[in-house]
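A.B. asks: Generate coordinates for the sequence data below:
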Amino acid sequence: MTHTPPPDPAPATASATTAPGRPNTPETAVSSASSTPSIPSTPSASPGSPWLQLLRVSAVLSVPGDLLAGAAAAGFRPGRRTLLATGSSLCLYEAGMALNDWADRDIDAVERPGRPIPSGRISPAAALGAAAGLTAAGLALARAAGRPSFATATALAATVWAYDLHLKNTPAGPLAMACARTLDVLQGAASTLPARGRARGEGREQGLEPGRGWAWGRAMGRALPSAALLGAHTLAVTTVSRREAQGSSPALPLAALGIVAAIGGTVGSTASAASAASAASAASAVPATSATSTTPAVPATSTTPAVPATSTTPAAAIARVAAARAATGTAVAGAAPGTAVTAVTSNSPAAPAPAAAAAVARAAAVAYAGAVARPLFHAALNPSPYLLQRAVGSGIRAMIPLQAALSARAGAPGTGAALLALMPAARRLSRKVSPT
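C.D. replies: Numbering: from 1, shown residues only. Purely as a prediction, here's the structure:
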């Protein structure tokens, strides 16, 4: 979570500068954002905003979507606990930013003397204190969100500190960054668990459902596919970023492009399946509605062995509801035996939901592909530092439409649309305060 490469940096020098006494090898190459060559013309170089530059506030808009996507995938609606967990993740994210600059202060003194710590605008002790304070605040907010959120936030904080202090300059750096992003998505799922064992939407009280540990495991299991997709995207982008200051062979951006294409294909195919299931559900509802409105009921005294229309209608209704549930991944109220067929028809409020979710998911998937595929392709054609940095910056911004697609495909089109609306704001903010 702490790795925030530049969105559109100016051309960088073709050779990398290493810290004194450190060999210039893939194992010791600086993989964090602070290793990017200094760009004096960036907005963050302004001496009036050292803390904004240190915390890289323009990158925080990539955080809330993690939790919203996780909450949607878990099958519950976000609430107060999700808000607390989001605040926790934001604090831990910014803690990692401050800790990143503290850990790289000697490297920045050589490569980027304009950064807040080497320039003397922020002392190392103040940066380390900010990292510790933000971490404590993040854990406190997670504790207020409940024990599942606190457990996930503790693992996330440990990953952030391990990455900044040691792992980012090792081959395990990209994997650690992917784990941090994955945990952030799972944090959203953990924050939506109903309080005291009550299953929302099902009306079960404590004692009438499995234990809370089972509920936690089920929510995490539902969110794991979305978390894995975001983690895979982070792994690909972070791997490219390790060579952004030096250049690389075309194989590196090509491999990242393959991962991104697989992610986009997975999200896009899920959206298409949801749309097809929605259309099939609506089509199958038309004959059932006309049958109930025009076909007379079989008299009770009739000896005809045919099954009454009302006895088969609930099964068809339940089948349509099950299809919608499978398409969106969300819990949909089913029809109980004996329910009239008119309870589930094309006019039902639940019918348009899969179509809306599929439409938003498709739009977000297209936005995701458009944001990251072209820059990676250009970097593969010419893997220079400048084009690699552009590809990495585009990959960071592409997390927002990916989060939107994952939320929509899980049955939360409103969340997906809201996340898509963040993209212009994130782009404008990055022009004012550089995320590097």
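A.B. asks: any low-confidence regions in the stretch 201-350 of the chain?
C.D. replies: 201-213, 270-350 (pLDDT under 70).
A.B. asks: could you redo the last one with a cut-off of 80?
C.D. replies: 201-216, 244-246, 268-350 (pLDDT under 80).
A.B. asks: What are the boundaries of the helices in the stretch 51-200 of the chain?
C.D. replies: Using DSSP state H, counting those that start in this stretch, the helices found in the stretch 51-200 of the chain span residues 64-74, 80-103, 105-111, 124-145, 147-165, 173-190.
A.B. asks: JSON lines please, covering these and showing mean neighbour count, distance to Ala410 and mean pLDDT.
C.D. replies: (Glycine included, C-beta is placed from N, CA and C.) Listed next are these as JSON lines, based on neighbours: other CB atoms under 10 Å; distance: least, CB to CB, whole Å; pLDDT from 0 to 100:
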{"stretch": "helix 64-74", "mean neighbour count": "30", "distance to Ala410": "4", "mean pLDDT": "95"}
{"stretch": "helix 80-103", "mean neighbour count": "25", "distance to Ala410": "14", "mean pLDDT": "95"}
{"stretch": "helix 105-111", "mean neighbour count": "18", "distance to Ala410": "40", "mean pLDDT": "87"}
{"stretch": "helix 124-145", "mean neighbour count": "19", "distance to Ala410": "20", "mean pLDDT": "97"}
{"stretch": "helix 147-165", "mean neighbour count": "21", "distance to Ala410": "18", "mean pLDDT": "95"}
{"stretch": "helix 173-190", "mean neighbour count": "27", "distance to Ala410": "10", "mean pLDDT": "95"}
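A.B. asks: Gln246 is in contact with Pro385, isn't it?
C.D. replies: Yes - counting by CB atoms under 8 Å, Gln246 touches Pro385, with 6.5 Å between them.
A.B. asks: looking at this, Glu244 is in a helix?
C.D. replies: No - in this structure, Glu244 is coil, not part of a helix, as judged by DSSP: H, G, I helix; E, B strand; the rest coil.
A.B. asks: hmm, back to that, any chance of the helices of the stretch 51-200 of the chain in CSV, plus distance to Phe377?
C.D. replies: As requested, the helices of the stretch 51-200 of the chain are exported to CSV (distance: least, CB to CB, whole Å):
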stretch, distance to Phe377
helix 64-74, 25
helix 80-103, 29
helix 105-111, 29
helix 124-145, 37
helix 147-165, 29
helix 173-190, 21
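A.B. asks: among those, which is nearest Ala426?
C.D. replies: Distance to Ala426, taken as CB to CB, is lowest for helix 64-74 among these, at 10.3 Å.
A.B. asks: Show me what that closest one is packed up against.
C.D. replies: helix 80-103, helix 173-190, helix 212-241, helix 399-409, helix 413-420 (3 or more CB pairs under 8 Å, 6 or more residues apart in numbering; DSSP states H and E).
A.B. asks: Adding distance to Gly265 as columns, could you present those in CSV?
C.D. replies: Putting these into CSV (distance: least, CB to CB, whole Å) gives the following:
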stretch, distance to Gly265
helix 80-103, 28
helix 173-190, 19
helix 212-241, 11
helix 399-409, 12
helix 413-420, 18
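A.B. asks: Can you check which of those gets nearest to Ala153?
C.D. replies: Among the helices and strands packed on helix 64-74, if distance is taken as CB to CB, the winner is helix 80-103, at 5.2 Å.
A.B. asks: could you check the angle helix 124-145 makes with that closest one?
C.D. replies: 160 degrees (axes from the mean of the first three to the mean of the last three CA atoms, to 10 degrees).
A.B. asks: I figured Leu419 hits Gln403, correct?
C.D. replies: Yes - counting by CB under 8 Å, Leu419 touches Gln403, with 5.4 Å between them.
A.B. asks: Please say which of those two ends up with more neighbours.
C.D. replies: Legend: neighbour count by other CB atoms under 10 Å for Leu419 and Gln403, higher for Gln403 (33 against 27).
A.B. asks: Compare the helices and strands packed on helix 64-74 and give me the one nearest Ala355.
C.D. replies: That would be helix 413-420 among the helices and strands packed on helix 64-74, by CB to CB, at 9.1 Å.
A.B. asks: Give me the packing partners of the next helix or strand after the closest one, helices and strands only.
C.D. replies: Using DSSP states H and E, the helix or strand that directly follows helix 413-420 along the chain is helix 422-432. When contacts are defined as 3+ CB pairs under 8 Å, 6+ apart, helix 422-432 sits against helix 385-397, helix 399-409.
A.B. asks: List the buried residues for the first one?
C.D. replies: Applying a neighbour-count criterion of 16 or more other CB atoms under 10 Å, one finds 385-397 buried in helix 385-397.
A.B. asks: relative to helix 212-241, how tilted is it?
C.D. replies: Angle of helix 385-397 versus helix 212-241, following the same axes, to 10 degrees, is 160 degrees.
A.B. asks: Gly258: neighbouring residues, count only.
C.D. replies: The number of residues packed around Gly258, counting by other CB under 10 Å, is 12.
A.B. asks: Nearest approach to His378 belongs to which of the helices and strands packed on helix 64-74?
C.D. replies: helix 212-241 (12.3 Å).
A.B. asks: quick one: buried residues of that closest one?
C.D. replies: Neighbour-count burial for helix 212-241 [16+ other CB under 10 Å]: 212, 215-216, 218-220, 222-227, 229-241.
A.B. asks: list the helices and strands it packs on?
C.D. replies: helix 64-74, helix 173-190, helix 251-294, helix 385-397, helix 399-409.
A.B. asks: Verify the contact between Arg242 and Pro174 for me.
C.D. replies: Yes - contact criterion CB under 8 Å: Arg242 and Pro174 qualify, at 6.9 Å.
A.B. asks: Which one of the buried residues of helix 385-397 is nearest to Ser191?
C.D. replies: Ile396 (23.8 Å).
A.B. asks: looking at it, that closest one is touching Val63, isn't it?
C.D. replies: No - Ile396 is beyond contact range of Val63, at 11.6 Å (criterion: CB under 8 Å).
A.B. asks: A helix includes Ala364, no?
C.D. replies: Yes - assessed with three-state DSSP, Ala364 lies in a helix.
A.B. asks: Could you check how far it is from Gly65?
C.D. replies: Per CB to CB, to the nearest Å, Ala364 is found 10 Å from Gly65.
A.B. asks: what is in contact with these two at once?
C.D. replies: Jointly contacting Ala364 and Gly65 under the rule CB atoms under 8 Å, 6 or more residues apart in numbering are Ala404, Leu419.
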